[in-house]
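**Student:** I need the structure of the sequence given here:
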Amino acid sequence: MRTVKHLFLPLLLILSLLGFDRVLAAGDLTRRTISLPDLVLGSEESDYSLSQQEYQLETGKAYQLKVIASGRKEYAFQAPEFATSIYLRKVEAGGVEIKAVTLTELEFEDASEAEIFFVPIKPGRYRFYAKGLEAKGMQGSFVVK
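**Tutor:** Numbers count the residues shown, from 1 in each chain. As a prediction, this is how the structure comes out:
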């Protein structure tokens, strides 16, 4: 077993010098997104509802998530630990494309929406919530495997 470990790194180096890694990574994988079910904040039944309680994700796959505020309340969507464990490609809101290193909060004062494009890079369970409304049930989690 020890011999295999010692041979693996030099073999990997030789394959990368030959261009083997480029064959496997053809194209920009961050642009091949998987659309997640929309996350709707509030509904006609309850101002404090979430359309999704959990999202199952995999590291290295690109996703897009549309967060939609019903306008029934002011909502401040946050997921601080998740934001530091992803590669954030962009956020689209109100006809504007925002490119940033991280995302602190999406604050909705009226009915509106924002779409987040990202790639999870660290496994774990990460909480998301509407700030100040967690006790009313406005929380869920991203599960990254």
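
**Student:** Report the contact partners of the residue nearest in space to the middle of the chain.
**Tutor:** For the chain, residue 118 is the residue whose C-alpha lies nearest the centre (CA atoms, centre = their mean; 4.8 Å). Neighbouring residues of residue 118 by CB atoms under 8 Å, 6 or more residues apart in numbering: 62, 63, 64, 65, 86, 87, 88, 89. Where you see a C-beta, it was placed from the backbone N, CA and C, and this is true even at glycine.

**Student:** How about it: which residues does it bridge to?
**Tutor:** Per DSSP bridges, the residues bridged to residue 118 are residue 63, residue 88.

**Student:** Repeat that for residue 78.
**Tutor:** Bridge pairing for residue 78 - DSSP bridges - gives residue 129.

**Student:** correct me, but it touches residue 107?
**Tutor:** No: the criterion here is CB atoms under 8 Å, and residue 78 misses it with residue 107 at 9.3 Å.

**Student:** thinking again about what came up before, could you tell me the per-residue confidence at the residue nearest to the centre of the chain?
**Tutor:** On pLDDT, residue 118 comes in at 92.

**Student:** hmm, back to that, quick one, which of residue 78 and residue 107 is more surrounded?
**Tutor:** residue 78 (21 against 14; other CB atoms under 10 Å).
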